[in-house]
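Participant: kindly generate the corresponding structure for this input.
(2 chains, ligands or ions: 3)
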Amino acid sequence: MTDWIDIGTLADIPQRGARTVHIGGEKEIAVFRTGDDHVFALINECPHKKGPLSQGIVHGHNVACPLHNWNIALKTGEAQGEDKGCTPTIAVKQEDGRILIARPVSMKDAA
Amino acid sequence: MEFQDGVSPVTDSGDDILVPMDDVREHLVVVGNGMAGCRAVEELLARDAGRYRVTIFGAEPHVNYNRIMLSPVLAGEKTFDDIVINDRAWYADNDIELIVADPVTAIDRAAKSVTANSGRTVHYDKLLIATGSDPFIIPVPGKDLPGVISFRDMQDVDTMLAAAEAGKTAGGGSAVVIGGGLLGLEAAHGLTLRGMKVTVIHLMDTLMERQLDEAAGWLLKSALEARGQTILTGANTAEIFGQGKVEGVRLKDGREIPASLVVMAVGIRPSTALAREAGLAVNRGIQVDDHMVTSDVDVLAVGECVEHDGNVYGLVAPLWDMCRSLADGLTDRHTGYKGSVTSTKLKVAGLDVFSAGDFSGGEGCEDIVLRDASRGVYKRVVVKDDRVIGAVLYGDTADGGWYFDLLKKDEDVADIRDLLIFGQSFASGGGVMDPKAAVAALSDDAEICGCNGVSKGQVVACIEKGACSLDAVRAGCKASASCGSCTGLVENILALTLGDDVQSGPKTMCKCTSFGHDDVRREIVAQDMRSIPEVMQKLHWSTPDGCSSCRPALNYYLLCALPGVYVDDQQSRFVNERMHANIQKDGTYSVVPRMWGGLTNPRELRAIADVVEKYDAPMVKVTGGQRLDIFGIKKEDLPAVWADLNAAGMVSGHAYGKSLRTVKTCVGSEWCRFGTQDSTGLGVKTERMTWGSWMPHKFKIAVSGCPRNCAEATIKDFGIVCVDSGYELHVGGNGGIHVRVTDFLCKVSTEQEALDYCAAFTQLYREEARYLERTAPWIERVGVDYVKARIADDDAGREALRARFLYSQSFSQDDPWAQRAAGAETELHQHLQPISIAAE
Ligand SMILES: Cc1cc2nc3c(=O)[nH]c(=O)nc-3n(C[C@H](O)[C@H](O)[C@H](O)COP(=O)(O)OP(=O)(O)OC[C@H]3O[C@@H](n4cnc5c(N)ncnc54)[C@H](O)[C@@H]3O)c2cc1C
Ligand code: SF4
Ligand code: FES
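Facilitator: Residues are numbered from 1 along each chain as shown, chains lettered A, B, ... in the order given. Ligands and ions are numbered 1, 2, ... in the order given. So this is what the prediction gives:
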């Protein structure tokens, strides 16, 4: 079963923006909130040159990387268009206004 | 019928009900006399009327009424009698025992009995729990004050009506509705109709955010405001205050809204306490299987209080499905409930809003968007794998049912994909028609452009006279030149009339729109548009919230057009402008404080040195613009760095923005043996005047003290070269990839003139260049003669530009660092709450 970790409320993240979260020594996670209040989580590294995706412009269900403007699909982490590459995604869900993200697998193994 | 309700319960003794000795039927006891409980009984009666003896407990003092009609009752369109579903005769005719105003307080599953508040205990063979939902009350101080209610039952409606009545005598009462969802907006509407002044407080930025996207939410908000309601989005309630009764609401940002009534409509929770205490399996709702059976085979549950397959529902349509499966199960039929897809329609009179399914897009989803500004229509249909998976409609919801049907039936829409958005009659009428054929079929006098009243014949005539691009048609006969909703039609007429000879027009702003930058700028001013969603609606954007190209541009255009009015949209800014620092390749930031005219002093140098040490900055670099750039600062440390620099009197250098960067100077007459004027002093004055201004692109100024030009003023956006007789002004220079030397603008004789011309030129560039167009390509596009004509030859025009620049500067010369260092938006620099994982 997935361990769900409560990381805060929807209101903690600006609409069409992102916040970051560290979970026990893992790579930084970027948690995005879209214009229609969907929430997605990705490792905060662009597949191109590790740009911090949390700082990009969120449009639709995509984020434009702040470094070289690659367009990354929030749901899959996949680079869009001509660019090729993928950022790992982290399962996330909303329940009663709280945001829960799945504990990354490697950490569970370590625990 | 005059319905005397709530006066006396049907069974009013507190005694246990005596089972008639001759009734050997199984006893079905229902807890909850609401929509689901009664409907379940109706379904059961329809299948096998004689099978069960039925007793229903209700907490409210009423017979079964249609809860969703409470809104029309509040609005004065219906009376309570009109919304009764089953009157007392129905209970009597069907031999149902009804016990009202007596909530069940306990279930004893071992003894198979329930006990009510009055103490009455009843034995059951089958128990049906249909307790519905409890309104969610946000735990703020004052939530228990008299005058704070929810919107759930008839009693709430009575309280609202009484408050409105009291308000009338007191000269108009005011109400606050907390929650801008379906229910809250219905309450707000009803109270408005009842003459109250209503303010809606909504936590999210979009009304009904779970049903609507931002575009539709914006339209809804505008419409409600036009009806006199005050809508505060992004507003967080801190406290409800009042002495002995409610007097108002205070928001987290300190605003206070007076109110004699507060309606909380922030959400509902399945009412599960009774079931939980009885030891039934409860998650978010009471858990049931496909026949509505709980973890105890003799206990069933139905309605909003249940959770089926992980879902809880807050609308009636799914309840009907549940009630059918429940009745089937109770009468040994086995169909089973499979879950429901829901759609929402806002009933508030005159406002048509519809949403269904999943319209949030995502992987493999295509958005088909139609915006018709003149009719106030927004439609968005989401298609995935050739199936409709969601829809949001505003303004014209006639096709809602059709989309919902396509969605539920999972129908393949590949064939009608192109016409889908135009609705059922268009897409399915007379077989599938390709859009060009549809245009070909139009008669010559059919209206193409509603804004300018241009017919198809006129468009064709214009094309035949030589217009062979969209732009030429726009210029020639005005078709599609205003709101643009007919752009597709005009393009099709072009294609039909010219075949392959259509010329594509100037580049559109991005793939989200058919308009170019200049058109968008012009329309923003002409139509006095004030927000990004408004521009997107009125100019028919084809995406729900734009892309990373158009959003920063629109944000800038609005900012430039409406100084002091437009509220900047942080999320439409590139990271540097959002974080007020330069992002570097490793994700850290570099920080450049302003050094006016390139001057500094020990105090500033010390502050910079201290920051470098304190935050372990790996490098400090003198920039090309005569500033010190501190590298390697972490996002989290930025506010503290700014605070330290602010403390030494330094403000942001805007080295990160599409904005005025630096004013480079040489030493000039003060020290240099060649200097003719005080270039350093003029540089400082110029920078004091221009700092903080947002631009289409970065903008640099330089002042040199003599033609030797040590400050390299002739490759700057605006350059001043001091000479004996005055000041030579140069424009449109650029280092960059394509180095460009400035064009000579004119010569002026005083410092003040140099400053005035600088302000006017800057404003002309701000108002007329396209976003991300530097002065060099702009001047090459419009010609230096044009710029001379506007700045050097037109005194009144120059003065007006200068005045607009200074007016705009009166709002923008706020140091962004100071605001952030003082705590504004600190959370953007912080991680979400740190999480420590306990070892398992
Ligand atoms: C103002 C308003 C407008 C709405 N508009 C719409 C709409 O437009 N479209 C739509 O689909 N849905 C709408 N809804 C939602 C819809 O009314 C509900 O989905 C539906 O009523 C749920 O039915 P239910 O039987 O589960 O709960 P309810 O109808 O709430 O019935 C539950 C009943 O159980 C009683 N009860 C609770 N605990 C006990 C107890 N211990 N003992 C005895 N009785 C108890 C309650 O008093 C209540 O009468 C609206 C709701 C409201 C309040
Ligand atoms: S530009 Fe002229 S005045 Fe300025 S430093 Fe150079 S030589 Fe001296
Ligand atoms: S690092 Fe993201 S686009 Fe280059």
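Participant: would B:Glu767 count as being in a helix?
Facilitator: Yes. B:Glu767 forms part of a helix when assessed by DSSP: H, G, I helix; E, B strand; the rest coil.
Participant: distance of B:Asn734 from chain A?
Facilitator: For B:Asn734, the distance to chain A equals 22 Å [CB to the nearest CB, to the nearest Å]. In this view, the C-beta of every residue, glycine as well, is placed from N, C-alpha and C.
Participant: ok, B:Tyr65 - contacts?
Facilitator: If you count contacts by CB atoms under 8 Å, 6 or more residues apart in numbering or on different chains, B:Tyr65 has them with B:Phe80, B:Ile83, B:Val84, B:Ile85, B:Met154.
Participant: any idea how far chain A is from the third one?
Facilitator: To tie it back to what came earlier, the one meant is B:Val84. 34 Å.
Participant: burial count for the residue lying closest to B:Val723 once chain neighbours are set aside?
Facilitator: Leaving aside its sequence neighbours, B:Val723 sits nearest to B:Thr676 (CB to CB, 6 or more residues apart in numbering or on different chains; 5.9 Å). Residues within reach of B:Thr676, counting by other CB atoms under 10 Å in any protein chain shown, total 19.
Participant: you'd agree B:Thr676 is up against B:Val721?
Facilitator: No. B:Thr676 lies out of contact with B:Val721 (CB atoms under 8 Å); the separation is 9.4 Å.
Participant: common neighbours of the two, please.
Facilitator: Counting by CB under 8 Å, 6+ apart, the residues touching both B:Thr676 and B:Val721 are B:Cys706.
Participant: name the element B:Ser340 belongs to?
Facilitator: Per DSSP states H and E, B:Ser340 falls between elements, in no helix or strand.
Participant: could I get the contacting residues of the residue nearest to B:Val723?
Facilitator: Applying CB under 8 Å, 6+ apart, we find B:Thr676 in contact with B:Gly668, B:Ser669, B:Gly705, B:Cys706, B:Cys722, B:Val723, B:Asp724.
Participant: ditto for B:Ile448
Facilitator: B:Val454, B:Ser455, B:Lys456, B:Gln458, B:Val459, B:Ala479, B:Ser480, B:Cys486, B:Leu489, B:Val490, B:Ile493.
Participant: try 7 Å this time
Facilitator: Counting by CB atoms under 7 Å, 6 or more residues apart in numbering or on different chains, B:Ile448 makes contact with B:Val454, B:Ser455, B:Lys456, B:Val459, B:Ala479, B:Cys486, B:Leu489, B:Val490.
Participant: cool, and A:Phe32?
Facilitator: A:Ala18, A:Val39, A:Phe40, A:Val58, A:Val63, A:Leu74 are the contacts of A:Phe32 under CB under 7 Å, 6+ apart.
Participant: nearest to B:Asp144, of these?
Facilitator: A:Val39 (32.7 Å; CB to CB).
Participant: so what pLDDT did the closest residue to B:Ser749 other than its chain neighbours get?
Facilitator: Using CB to CB, 6+ apart and skipping the chain neighbours, the partner closest in space to B:Ser749 is B:Gly726 (3.9 Å). B:Gly726 is assigned 94 on the pLDDT scale.
Participant: wait, B:Gly726 sits on B:Cys746?
Facilitator: No. Using CB atoms under 7 Å as the test, B:Gly726 is too far from B:Cys746 to be in contact (10.2 Å).
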